[in-house]
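1. Pasted the sequence and its predicted model underneath.
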Amino acid sequence: MAGEEPILKINNIEVKYHEVILVLKGVSIEVPKRSIVALLGANGAGKSTTLKAISGLLKHENGEVTDGSIEFMGERIDRLSAEKIAKMGIVQVIEGRRVFEHLTVEQNLKVGAHLRRDGRSIKEGLEMVYNYFPRLREKRNEIAGFVSGGEQQMTVVGRALMTNPKLILLDEPSMGLAPLLIHEIFNIITRLNREENISILLVEQNAKLALNVAPYAYVMENGRIVMDDTAERLRENPDIKDFYLGLTDVGGRKSFRDVKHYKRRKRWLT
Amino acid sequence: MELFLMTLTTGIMVGGIYALIALGWVLIYKCSGVLNLAMGELTLIGAYVSLSFYSMGIPFLLALLFSLIIGFILGILTERIFLDRLIGEPILTVIMVTVGLSFFFRGIVELIWGTDTRVFTPPVFPLEPIHIGPLIVGQVYLWSFVAAIILLCIFVVFFQYTRWGLAMQATADDEMAALSLGVSARFVYATAWAIAFMAAGVGGTLLGNINGLNISVGYLGLLVLPAVVLGGLNSVPGAIMGGIIIGVLQNLSGAYLDRYFPGGVKEIAPFVFMAVFLLFKPYGLWGWERIERV
């Protein structure tokens, strides 16, 4: 990784829900400036919890970072409220396209601009979002609850963009979308990273997709980081190939008849 | 026929005031999911505050403005002191707290202002009625209606176009997502209470102008409950329509049914109507049904 100080540094955090349920057991992640980092893992591995720990939304769900630290641009943020963290330039796009259903698309975007105070900056923000997502301009006056799934995903990403973020935490932007749309959205995500210099921490189930856009990735299982490496090397890793990319060691399609992958997975659980 | 038209207009005009109080109710429900059962007492407090200022010889509009300001402050204080620490607790707990608040406020009102009926003296609105075509309308009703409509418009504009209005609507829709964008939920709740207090205060003041002011104006505030439920608990236009419908219903039943069921049918009719209506439309007129995309 680059020698430059990372924008986000998660240091061995432990997260508990309701003071007893241990969900994250020592997770460390670094996101370098202006980069995309992917966080892979199966359901329930703790990816979303990690994101919520960063954005501070955890507290809202009765969760707490009980150990370790999270630093954003050199400042500790794991004790701050979600509101303060958002003000510092971290925005989380919550999984599942959570648009404000009863507001129009443009009103959704305007709520994203809640922290921008003057009208000119809001206009500029809207222009920028509409440039990246021309489809939203056409739908601007429609009720967000009724636009298509892809447009809702664009709305929430655009809304996050309106906060003028330095770091976006993207939780499964591909969920339930058609392949072509996913392609479009991921293209825009890469562009945002390159053109607006926004760092992105991307949570994905779709490992192939994630490893295409993110040069570096972490793999989570059972509340722990079990692996982290550059995308190329992860793509070559036999375990990753097997579990996440659906390819066997030889590189051919996997036959599910002879999978015994639980045996291999055991190696990761300590 | 003339009687019908007369009661209808009066109903609509009183309904405008109900709509104002209903709006405060809907607001708190929308933002925090809490049914505020102290709403009747909020109307009392606002009404008494403006009455006190008015009795001191301050012009009515100014007195109203003062009661708005005090309502705003009281709203924020109430939220901060009683409800802030209950964020995240079960909704029922919070609702019970509002019941407690209603007794508390009622006690305070009785303590400060007593239980005798007070009237705005000299009368704020001229006593002689206005003739509109064949109709004769009391000026109190007319001006109250106008004031209520103006305020309602202001509130609607606030919700649709201002930063905090949008933030409040967003919080009502999806609190978590709003939080992730840096909206302060605590501030939203506090504002909701402040606005509820203000709306209720104006509503109470106007009601007090019509019939004089005593503790029973607080029960009139509770009468708004059917209006809110009728319109759909979380719909602002619903609250406005519901308020007007209840106003009309109340006056019509007072005019026509009182003969057959003497004694207070006016007060019960809205609740009966609400119960029957909900059998057919459980979400109310404009309540949020879950949005299902097809």
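-> Received, thanks.
2. where does the residue of the stretch 151-294 of chain B found nearest chain A land on pLDDT?
-> Nearest to chain A in the stretch 151-294 of chain B, going by Cβ to the nearest Cβ, is B:Gly182, at a distance of 3.2 Å. Backbone N, C-alpha and C define where each C-beta goes, glycine included. Looking at B:Gly182, its pLDDT stands at 91.
3. And the one 4 residues further on, by the same measure?
-> Looking at B:Arg186, its pLDDT stands at 85.
4. same deal with A:Val219?
-> The model's pLDDT for A:Val219 equals 92.
5. That one is in what secondary structure piece?
-> Taking DSSP states H and E as the criterion, the element that holds A:Val219 is strand A:216-221.
6. Which stretches in the chain count as helices?
-> In the absence of a named chain, this looks at chain A. A:47-55, A:82-88, A:105-112, A:119-132, A:134-138, A:149-162, A:179-195, A:207-213, A:231-236, A:238-243, A:261-266 (DSSP state H).
7. My question was about chain B, not that one.
-> Applying DSSP H to chain B gives helices spanning B:2-32, B:39-55, B:60-78, B:91-113, B:139-161, B:163-173, B:175-180, B:185-211, B:217-222, B:224-231, B:236-256, B:265-280.
8. Quickly compare the ones you listed and say which is most buried.
-> helix B:224-231 (a mean of 28; mean count of other Cβ atoms under 10 Å in any protein chain shown).
9. can you list contacts of that one?
-> Defining contact as Cβ atoms under 8 Å, 6 or more residues apart in numbering or on different chains, one finds that helix B:224-231 is touched by B:15, B:18-19, B:21-22, B:25-26, B:29, B:39-40, B:237-243, B:245-246, B:270-271, B:273-274, B:277-278, B:284-287.
10. Ok, stretch A:180-192 next?
-> A:36, A:132-133, A:149-150, A:153-154, A:157, A:161, A:168, A:170, A:173-174, A:177, A:198, A:200, A:202, A:206, A:209, A:212-213.
11. out of those residues, which are buried?
-> Judged by neighbour count, with 16 or more other Cβ atoms under 10 Å in any protein chain shown as the criterion, the buried members of the contacts of stretch A:180-192 are A:36, A:132-133, A:150, A:153-154, A:157, A:161, A:168, A:170, A:173-174, A:177, A:198, A:200, A:202, A:206, A:209, A:213.
12. So the residue of the stretch 151-294 of chain B closest to chain A sits against A:Leu115, correct?
-> Yes: with contacts defined as Cβ atoms under 8 Å, B:Gly182 counts as touching A:Leu115 at a distance of 4.6 Å.
13. Show me what residue of chain A gets nearest to chain B.
-> In chain A, the residue found nearest to chain B is A:Ala86; the distance is 3.2 Å by Cβ to the nearest Cβ.
14. what sits against that residue?
-> Contacts for A:Ala86 were tallied using Cβ under 8 Å, 6+ apart; they are A:Ser55, A:Gly56, A:Leu115, A:Thr163, B:Leu179, B:Ser180, B:Leu181, B:Gly182.
15. Find the nearest non-adjacent residue to the fifth one, please.
-> Nearest in space to B:Leu179, with sequence neighbours left out and distances taken as Cβ to Cβ, 6 or more residues apart in numbering or on different chains, is A:Ala82 at 4.7 Å.
16. Kindly report the residues of the stretch 101-250 of chain A close to chain B.
-> Applying Cβ under 8 Å from any Cβ of the partner chain, we find that the stretch 101-250 of chain A lies next to chain B at A:101-103, A:107-108, A:110-112, A:114-115, A:117, A:145-146, A:148-149, A:156, A:159-160, A:162-163.
17. Show me how to select, in PyMOL, the buried members of those residues.
-> Below is the selection syntax for PyMOL that covers the buried ones among these, with 16+ other Cβ under 10 Å defining burial:
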select buried, chain A and resi 101+102+103+107+108+110+111+112+114+115+145+146+156+159+160+162+163
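18. Residues in a beta bridge with the spatially most central residue of chain A, which ones?
-> The residue lying closest to the centre of chain A (Cα atoms, centre = their mean) is A:Leu170, at 2.5 Å. On DSSP bridges, the residues paired with A:Leu170 through beta bridges are A:Val93, A:Leu202.
19. I'd say it and A:Ile198 touch.
-> No: A:Leu170 is beyond contact range of A:Ile198, at 10.4 Å (criterion: Cβ under 8 Å).
20. hang on, the earlier thing: what's around the residue of the stretch 151-294 of chain B closest to chain A, how many residues?
-> 25 (other Cβ atoms under 10 Å in any protein chain shown).
21. likewise A:Ile240?
-> The burial count assigned to A:Ile240 is 20, neighbours taken as other Cβ under 10 Å.
22. okay, it: pLDDT?
-> Looking at A:Ile240, its pLDDT reads 80.
23. Next, the contact list for the closest residue to it other than its chain neighbours, please.
-> Of all residues not flanking A:Ile240 in the chain, A:Leu234 sits nearest, at 5.1 Å (Cβ to Cβ, 6+ apart). Neighbouring residues of A:Leu234 by Cβ under 8 Å, 6+ apart: A:Leu211, A:Ala217, A:Val219, A:Met227, A:Ile240.
24. ok, back up a step: for B:Val97, which of the helices of chain A is the nearest?
-> Set against B:Val97 and scored by Cβ to Cβ, the helices of chain A come closest in helix A:82-88, at 24.5 Å.
25. on that earlier part again, quick one: which of the helices of chain B has the weakest pLDDT on average?
-> Ranked by mean pLDDT, the helices of chain B bottom out at helix B:217-222, which scores a mean of 79.
26. Now that one - C-alpha only, PDB.
-> Included here for helix B:217-222 are C-alpha records, laid out as PDB according to Å, rounded to 0.1, in the frame of the first residue of the first chain:
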ATOM      1  CA  VAL B 217     -61.000  23.800  25.500                       C
ATOM      2  CA  GLY B 218     -58.400  21.100  26.300                       C
ATOM      3  CA  TYR B 219     -61.000  18.500  25.600                       C
ATOM      4  CA  LEU B 220     -61.700  20.200  22.300                       C
ATOM      5  CA  GLY B 221     -58.100  19.600  21.500                       C
ATOM      6  CA  LEU B 222     -58.600  15.900  22.100                       C
END
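27. chain center to that helix, what's the gap?
-> Its chain's average C-alpha position is 9 Å from that of helix B:217-222, according to Cα atoms, centre = their mean, to the nearest Å.
28. by contact count, what packs against that helix?
-> helix B:39-55, helix B:185-211 (3 or more Cβ pairs under 8 Å, 6 or more residues apart in numbering or on different chains; DSSP states H and E).
29. between the last one and helix B:2-32, what angle do the directions make?
-> So that's helix B:185-211. Counting by axes from the mean of the first three to the mean of the last three Cα atoms, to 10 degrees, helix B:185-211 points 160 degrees away from the direction of helix B:2-32.
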